[in-house]
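K.L.:
model the structure of this input:
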Amino acid sequence: MKKWLWIVVGAVIILGGGFLWLTNGDKDKITYRTAKIDRGDVTVSISATGTVNADTTVQVGSQVSGRIARLYADFNSEVKRGDLLAQLDPTFLQAALNQAKAGVSRARASLNQAERDHHRIQDLFGKNLVSQADMDAAVTNLESARANLEQANAGLEGADVNLKYATIRSPISGIVISRNVDVGQTVAASLSAPTLFEIANDLRKMQVRASIDEADIGNVKKGLDVTFRVDAYPRDEFHGTVREIRLAPVISQNVVTYNVIIDVENPDLKLMPGMTATLTIVVATRENVLRAPIQATRFSPPNAEELLDSMRAQRMAQMNAQSDTARPGRWQQAGDGGREGRRGPGSRGVGRSVLWVLEGGRPQPRMIGAGLQDGRFVELARTDLNEGDEIIIGMINPSAEVSQSVQNPFAPSMPGGGRRRGL
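P.N.:
Numbers count the residues shown, from 1 in each chain. Reported below is the predicted structural model:
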């Protein structure tokens, strides 16, 4: 009886140990998260902010001082070129004009007197009754009188122009977006011309002035498509085109930016001057290319160095075998691009990276040529992988009960940091 009891106890111990061993083995087993390679578009874009403005804005001022007598335009008034906007009190300007007219009359009378004196002295000088000095004095008085008359006429013309400036008219056709004066207010134009109105030429044609970081300005070209949104219409997406890249830098707190002007059509008049726009400038696009999730380029298994060294050794052996059969003086490419670190023809701008695939339940490296990148995908410019192949994007360790995505030291860099959704 005791013999059978010991047999049963031993069997229980053996079965329990085996069960624990099997469960611990499954617990430590690593599960990899994978995704499939597909075809689609890869778009590189730059994010920025800007301000919506009218395409042409004119500030209307006053060239003469005076009190605002009447206003003929207000906010949002539609005006034509030459329309009356405001009228200054012309009292003092009219008095100045009358004074200038009197000055002209006085100068003309002085000229008439000088002409008569010159004619009389000339007759006496012909009869040798006056000296040469008297004759010269008469000529001088005549010339001086003529100059005084010209000066008086110029003063009269200036007074007449100033009186006309008291009537302020619109220099362009458009919409009044700002009025800075009221009736009874006095404007002083002695130091600088005060701004009375601001007129936008045509609000159906707007522009966005965007501030682009110096790290991204090299990718912005004239004619690029731009999409943007404004807070007033969060569901609407507006489109524009880069018209001008201004060379003057804007430096604020040691940050250098450049102004980029973007033309925008505004047929519905939704966009208003001063709105803040959040822009996306598309700088490069690849259509229907082989692509992989960006997470795949950032993943690397714990034994990545060991696997990569094994891959390099295999490739080196393959290259040596090929070089033995090749003709002297000729180097043959092996795999995707031949020697490690050397780029083949047509690969300018393509970086090298590593993707990982599952073979026999273990990750194996695959070298690729990484092209354009956006926030979701990377273009596979050179690779032996095909559409539909599964690649590793992360791993799950049940013992830790967390999902891990180990940083890939061979992942291609993304210049510009968080400022750019792409390169």
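K.L.:
which helix in this structure runs the most residues?
P.N.:
Counting residues, the longest helix in the chain under DSSP state H turns out to be helix 91-126.
K.L.:
next secondary structure after that helix?
P.N.:
Proceeding C-terminally, helix 91-126 gives way to helix 132-165 as the next helix or strand, assigned by DSSP states H and E.
K.L.:
just the angle between that following helix and helix 91-126, please?
P.N.:
Here helix 132-165 points in a direction 160 degrees away from that of helix 91-126 (axes from the mean of the first three to the mean of the last three CA atoms, to 10 degrees).
K.L.:
which positions in helix 132-165 come out as buried?
P.N.:
Using 16 or more other CB atoms under 10 Å as the burial criterion, the residues of helix 132-165 that qualify are 135, 138, 141-142, 145, 148-149, 152, 155-156, 159, 162-163, 165. C-beta: built from backbone N, CA, C; applies to glycine.
K.L.:
tell me the predicted confidence for residue 344.
P.N.:
Looking at residue 344, its pLDDT is 34.
K.L.:
in the protein, which spans are helices?
P.N.:
Listed from the start of the chain, the chain has helices (DSSP H) covering 2-27, 91-126, 132-165, 294-298, 304-325.
K.L.:
burial of the closest residue to residue 41 other than its chain neighbours, as a residue count?
P.N.:
Counting by CB to CB, 6 or more residues apart in numbering, residue 41 lies nearest to residue 287, which is 5.1 Å off, once chain neighbours are set aside. Applying other CB atoms under 10 Å, we find 9 other residues in the vicinity of residue 287.
K.L.:
how is the protein divided into domains?
P.N.:
As assigned by automatic domain parsing, the chain contains the domains 46-55+203-285, 63-88+167-201, 90-165.
K.L.:
and residue 30, which of these is closest to it?
P.N.:
With CB to CB as the measure, domain 46-55+203-285 is the member of these nearest residue 30 (37.0 Å).
K.L.:
end-to-end on that closest one?
P.N.:
12 Å (CA to CA, to the nearest Å).
K.L.:
how distant is it from the center of its chain?
P.N.:
Taking CA atoms, centre = their mean, to the nearest Å, one finds the center of domain 46-55+203-285 at 5 Å from the center of the full chain.
K.L.:
how about stretch 62-75?
P.N.:
38 Å.
K.L.:
in it, what's buried?
P.N.:
In terms of neighbour count (16+ other CB under 10 Å), stretch 62-75 has its buried residues at 62, 64-66, 68, 71, 73.
K.L.:
out of those, which are inside strands?
P.N.:
Among these, DSSP state E puts 66, 68, 71 in strands.
K.L.:
tell me the bridge partners for the first one.
P.N.:
Using DSSP bridges, the bridge partners assigned to residue 66 are residue 187.
K.L.:
would you mind measuring from it to residue 110?
P.N.:
Distance from residue 66 to residue 110, counting by CB to CB, to the nearest Å: 32 Å.
K.L.:
OK, contacts around residue 259?
P.N.:
For residue 259, the contacting residues are 209-212, 246, 248, 250, taking CB atoms under 8 Å, 6 or more residues apart in numbering as the criterion.
K.L.:
again, only this time at 6 Å
P.N.:
When contacts are counted by CB atoms under 6 Å, 6 or more residues apart in numbering, residue 259 touches 209, 246.
K.L.:
check the one 3 residues further on too.
P.N.:
Residue 262 is in contact with 208, 226, 240, 242, counting by CB under 6 Å, 6+ apart.
K.L.:
so it versus residue 52, what's the distance?
P.N.:
When distances are taken as CB to CB, residue 262 and residue 52 turn out to be 10 Å apart.
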